[in-house]
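S.K.: got a structure for you, letters missing:
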């Protein structure tokens, strides 16, 4: 008999995180014959494969390990997982999440009442402080009311929606894209606050914020695919974006004015540029134990200088790549 749920867990080079997720699923209040686990390894890591096989041997839970032939991204891993599923309902979570004991049971009750798609609660915990790192709150957790790290879908609903869009090959806006597709075809998304997974704040390199700016290109893709829902549901700090463009334009004017020797324009533009950069630095200034050090000051100044250029570059890159007017 096929299981009621298939739990799909995409993973990469996170063999240190995956065991906690698997152990939590082993402690579910739902009887074990009602669910299976599918782990999709985007890194095709031998250590992860060994970990999964060891877990299956210890717990006697039906679990399958699927290795991607080459890295294809989170969306592709999730798609492979649910398309290989035997369950009628798919439970998605991530390898850095710890589902609580009643996670599957409370979701099952929602489906027994007729739900097609259910989204749960993601709670976050504080990480252990590490030298040279800063606590980073995932912007998706902050802004989204639908997270694939904790959602449940009827297999038929996923088939109708076409699954996850694999053009989002980073973990940014891919959840929102699936949410919008479901809403556009008339499938309601019901909330189940009692279905809880716990996730730690990411502890990242101090300059990871600069790398993360590349995520902005996917805003353009999401806007192109779902313009109306994007405007309604995606928060946009248009004032901040305007400041970024103004910062870049003012620096460009400084360089041009310096080249032609027009001092009044040079000074005016320089004041605007320095003022906007200083404003960003002040707003990004860390608090608590991270403040008051040379490393914090250096990070703050360098990121304040770089962020406007990176943010605008990736916005324009996405606009050009996806052929949509998204500035």
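M.R.: Received it, and whenever you're ready, just let me know what you need. Worth saying up front: this structure is predicted, and the values here are computed from it rather than measured.

S.K.: Could you pull out the buried residues of the helix ranked longest in the chain?
M.R.: Counting residues, the longest helix found in the chain (DSSP state H) is helix 294-321. Within helix 294-321, the residues that qualify as buried by neighbour count (16 or more other CB atoms under 10 Å) are 296, 299-300, 303-304, 307-308, 310-312, 314-315, 318-319. C-beta: built from backbone N, CA, C; applies to glycine.

S.K.: Pick out the lowest-pLDDT one from those residues.
M.R.: Lowest-confidence member of those: residue 296, scoring 72 (pLDDT).

S.K.: hang on, the earlier thing: okay, the buried residues of helix 294-321 in TSV with distance to residue 157 next?
M.R.: As requested, the buried residues of helix 294-321 are exported to TSV (distance: CB to CB, whole Å):
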residue	distance to residue 157
296	47
299	44
300	45
303	41
304	44
307	39
308	41
310	37
311	35
312	38
314	32
315	32
318	29
319	32
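
S.K.: what helices or strands is the longest helix of the chain leaning on?
M.R.: The contact analysis (3 or more CB pairs under 8 Å, 6 or more residues apart in numbering; DSSP states H and E) places helix 294-321 against helix 208-212, helix 216-225, helix 238-260, helix 263-284.

S.K.: Show me the contact partners of the shortest one.
M.R.: Residues external to helix 208-212 that are found in contact with it (CB atoms under 8 Å, 6 or more residues apart in numbering): 136, 303, 306-307, 310.

S.K.: domain parsing for this structure?
M.R.: Domain assignment of the chain by automatic domain parsing yields the ranges 5-205, 238-321.

S.K.: what's the most buried one of those?
M.R.: domain 5-205 (a mean of 18; mean count of other CB atoms under 10 Å).

S.K.: Any idea how far that domain is from the middle of the chain?
M.R.: Taking CA atoms, centre = their mean, to the nearest Å, one finds domain 5-205 lying 12 Å from the centre of the chain it belongs to.

S.K.: ok so, going back, just name the closest of the buried residues of helix 294-321 to residue 278, please.
M.R.: The nearest member of those to residue 278, counting by CB to CB, is residue 304 at 7.6 Å.

S.K.: Contact partners for that closest one?
M.R.: Contacts of residue 304 (CB under 8 Å, 6+ apart): 277-278, 280-281, 284.

S.K.: quick one, what contacts the closest residue to it other than its chain neighbours?
M.R.: With sequence-adjacent residues excluded and distances taken as CB to CB, 6 or more residues apart in numbering, residue 304 is closest to residue 281, at 3.8 Å. Contact partners of residue 281, counting by CB under 8 Å, 6+ apart, are 300-301, 304.

S.K.: can you redo those residues as JSON lines with distance to residue 171?
M.R.: Listed next are the contacts of residue 281 as JSON lines, based on distance: CB to CB, whole Å:
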{"residue": "300", "distance to residue 171": "26"}
{"residue": "301", "distance to residue 171": "29"}
{"residue": "304", "distance to residue 171": "26"}
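
S.K.: can you list the weak-confidence ranges in the protein?
M.R.: Where the chain drops to pLDDT under 70, the residues are 14-15, 126-144, 202-206, 286-294.

S.K.: one more time with 80
M.R.: Within the chain, the ranges that satisfy pLDDT under 80 run 1, 13-15, 125-144, 200-208, 284-298, 327.
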